[in-house]
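Asker: The sequence and its predicted three-dimensional model are supplied below.
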Amino acid sequence: MRLWVCIALLSVVLCASADRPAVVQAMVRAGQFVRDAVGGARDMLRAYQDMREANYKGADKYFHARGNYDAARRGPGGAWAAKVIRWPFLLPRSDARENWQSGVSGRGAEDTRADQEANAWGRSGGDPNRYRPAGLPRKY
């Protein structure tokens, strides 16, 4: 009986330490990517909500950078979400919104360029506080 218990325990240890099949590893990586992407979208939504709540003039670049920074820090899925989510409306294609803003909204190409720069700065891991305006409450 002891021999069979030892064989069973040895089998469990060997199976637990064996490499996963490639298919399972791919599924795990895909799941992590999706989890990171959802978390990245949530980070960008939180930054947008904070921007709306703060309602602080000149702080939009900071919130652009912060949302992209937080999303990209999550990993490849978060970085992907930061790239494709339209800021701040959380719909595809960030660049599309920026192009619309410069052409239709009247805010101008300079503001659009600055928004895109803040997005890229945050996605690349740059400190969002570079764009933080003086006087913005510490809560944000």
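Answerer: Good, I have the coordinates. Numbering: from 1, shown residues only.

Asker: List the contacts of residue 58.
Answerer: residue 133 (Cβ atoms under 8 Å, 6 or more residues apart in numbering). Any C-beta I mention is one placed from the backbone N, CA and C, and that applies to glycine too.

Asker: Now for residue 54: which residues touch it?
Answerer: If you count contacts by Cβ under 8 Å, 6+ apart, then residue 54 has 63, 136-137, 139-140 around it.

Asker: My error: substitute residue 66 in the last question.
Answerer: Taking Cβ under 8 Å, 6+ apart, we find residue 66 in contact with 47, 50, 122, 128.

Asker: Give me the distance between it and residue 109.
Answerer: Separation of residue 66 from residue 109 (Cβ to Cβ, to the nearest Å): 23 Å.

Asker: next one: residue 24
Answerer: Taken as Cβ to Cβ, the span from residue 24 to residue 109 is 49 Å.

Asker: hmm, back to that, for the contacts of residue 66, which single residue is the most surrounded?
Answerer: In terms of neighbours by other Cβ atoms under 10 Å, those top out with residue 122 at 30 neighbours.

Asker: nearest spatial neighbour of that residue, skipping sequence neighbours?
Answerer: Leaving aside its sequence neighbours, residue 122 sits nearest to residue 68 (Cβ to Cβ, 6 or more residues apart in numbering; 3.1 Å).

Asker: burial of that neighbour, as a residue count?
Answerer: Using other Cβ under 10 Å, residue 68 has 32 neighbouring residues.

Asker: Quickly find the element holding it.
Answerer: Under the criterion of DSSP states H and E, residue 68 resides in helix 60-72.

Asker: and that helix, how far from the chain's centre?
Answerer: A distance of 9 Å separates the centroid of the chain from that of helix 60-72, by Cα atoms, centre = their mean, to the nearest Å.
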